[in-house]
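# coordinates only, sequence not included:
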């Protein structure tokens, strides 16, 4: 019964994603904004795709975020189950850790009303770092999971927020954490410690449901998405401080997490059941959709020429899965 109740709450939240994800026109748009318009694929395209793994929706195995290992193993967070797992494409799924539920069952988790594991990063030594949002000050935060060990919280994060995306700048040893409720990007040292607000620019704010979402570090800048505003953002990091927010693409309804493939961005569009290719000029093209098996995709990762796309089935409630897509450029 508890699992069914969690799924009901998740589906309700997922419906809000679909309804609230439409971007506010011109919100955060400035001179750098590139309007998103559909156009024929001229570079990245999908050669073939297949569903490699299926997950148990009633067990809360709703994949939220992914970190890849060199051998192709995907380390994922299962939001509804509060878990971290290792997924071998086409093979076994092994649960590595389950976070304890807060005393209230998670109903004080802002907006979503259920406790969930979210962003995840893997370092070269096999250590996993992930986020847990529970609405509880004693457990919300950034966790470390060493191979064969138990999860340890290394930084507390605001319990009235929703830590969501996680990225590591290996050059500086700094984690960047998006908070979808507070509309911020925070930093935490790799070794753990006190979280600090790095940016609270209005381009990160929620406008009805969830704001700042996915995050990546690339070429001296922090990139992020805003689900409510439907935008892809770039924030230069200058001497550790944020520069002016650049709106790189708009009109991306339901944008969640993303990955880079060459100069392109591959973004999961949750509500529309799509993966979009965003070109450097901000224009976008649909690469994958529901016909390929997507069910509310939440995250994308790329290894060599293969895209790993995880779907959480938040609103479809049918088949959370892992889709593998062979990519090519021309």
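Received, thanks. Keep in mind the model is a prediction, meaning the values are calculated, not measured.
# and residue 218, how many neighbours?
12 (other C-beta atoms under 10 Å). Every residue, glycine included, has its C-beta placed from N, CA and C.
# Quick check: what element follows the lowest-mean-pLDDT helix or strand in the chain along the chain?
In the chain, no helix or strand scores lower on mean pLDDT, DSSP states H and E than helix 2-20, which sits at a mean of 46. Following helix 2-20 in sequence order, the next helix or strand is strand 45-54 (DSSP states H and E).
# Tell me which residues are up against that following strand.
87, 89-91, 93, 277, 287-288, 292-293, 307, 319-330 (C-beta atoms under 8 Å, 6 or more residues apart in numbering).
# and those residues, which of them are in strands?
Of the positions in the contacts of strand 45-54, 87, 93, 277, 287-288, 307, 321-328 sit in strands, assigned by DSSP state E.
# Give me the most central residue, the protein.
residue 257 (3.7 Å; C-alpha atoms, centre = their mean).
# Give me the nearest residue to that residue, chain neighbours excluded.
Among residues not flanking residue 257 along the chain, residue 214 sits closest, at 3.6 Å (C-beta to C-beta, 6 or more residues apart in numbering).
# ok, the one you found touching residue 252?
No. Applying C-beta atoms under 8 Å as the test, residue 214 and residue 252 come out as separate, 10.9 Å apart.
# Now list whatever residues contact both of those two.
Jointly contacting residue 214 and residue 252 under the rule C-beta under 8 Å, 6+ apart are 225, 267.
# Quick check: chain neighbours aside, which residue is closest to residue 82?
Leaving out its chain neighbours, the residue that sits closest to residue 82 by C-beta to C-beta, 6+ apart is residue 99, at 4.3 Å.
# typo on my end, it should be residue 326
Spatial nearest neighbour of residue 326, excluding adjacent residues (C-beta to C-beta, 6+ apart): residue 47 at 4.3 Å.
# now stretch 133-149: mean pLDDT?
Stretch 133-149 comes out with an average pLDDT of 97.
# do stretch 241-258 as well
Stretch 241-258 comes out at a mean pLDDT of 98.
# can you pull the buried residues of that stretch?
By neighbour count on 16 or more other C-beta atoms under 10 Å, the buried set for stretch 241-258 is 242, 245-258.
# ok, the residues you listed vs residue 315, which is closest?
residue 254 (10.3 Å; C-beta to C-beta).
# Make sure that closest one is actually in contact with residue 275.
No. When contacts are counted by C-beta under 8 Å, residue 254 is not listed as touching residue 275 (11.4 Å).
# in which helix or strand would I find residue 316?
Per DSSP H and E, there is no helix or strand for residue 316.
# And it, how far from residue 294?
Computed as C-beta to C-beta, to the nearest Å, the residue 316 to residue 294 distance reads 9 Å.
# Pull up the per-residue confidence for the residue nearest to residue 82.
98.
# quick one: contacts for it?
Counted by C-beta under 8 Å, 6+ apart, residue 99 has contacts 82, 83, 115, 117, 132, 134, 139, 143, 151.
# run the last query once more with 10 Å
Under the criterion of C-beta atoms under 10 Å, 6 or more residues apart in numbering, the neighbours of residue 99 are 77, 81-84, 115-117, 130, 132, 134, 139, 143, 151, 153.
# Then residue 88?
The contact partners of residue 88, by C-beta under 10 Å, 6+ apart, come to 52, 53, 71, 72, 73, 74, 94, 322.
# nearest residue to the first one other than its sequence neighbours?
Taking C-beta to C-beta, 6+ apart, and ignoring the residues beside it in sequence, residue 52 has residue 89 as its nearest neighbour in space, at 4.3 Å.
# Likewise for the last one?
Closest residue in space to residue 322, ignoring its immediate chain neighbours: residue 53 at 4.1 Å, by C-beta to C-beta, 6+ apart.
# Would you list the phi and psi of residue 290?
phi -60, psi -30 (degrees, to the nearest 10).
# what's the answer for residue 158, then?
phi -60, psi 130.
# That one contacts residue 194, doesn't it?
No. Judged on C-beta atoms under 10 Å, residue 158 makes no contact with residue 194 at a distance of 12.0 Å.
# okay, and the common contacts of those two?
With C-beta under 10 Å, 6+ apart, residue 158 and residue 194 have common neighbours residue 186.
# Give me the more crowded residue out of those two.
Neighbours per residue (other C-beta under 10 Å) separate residue 158 from residue 194, with residue 158 holding more: 19 against 10.
# Does the nearest residue to the more buried one once chain neighbours are set aside lie in a helix or a strand, and which?
Nearest residue to residue 158, sequence neighbours excluded (C-beta to C-beta, 6+ apart): residue 182, at 6.4 Å. Residue 182 belongs to no helix or strand when elements are defined using DSSP H and E.
# cool, and the one 5 residues further on?
Per DSSP H and E: residue 187 is located in strand 184-189.
# Next SSE downstream of that strand?
Taking DSSP H and E, what comes next after strand 184-189 is strand 196-199.
# helices or strands next to that next one in the packing?
Where contact means 3 or more C-beta pairs under 10 Å, 6 or more residues apart in numbering; DSSP states H and E, strand 196-199 is packed against strand 174-179, strand 184-189, strand 221-226, strand 231-238, strand 241-242.
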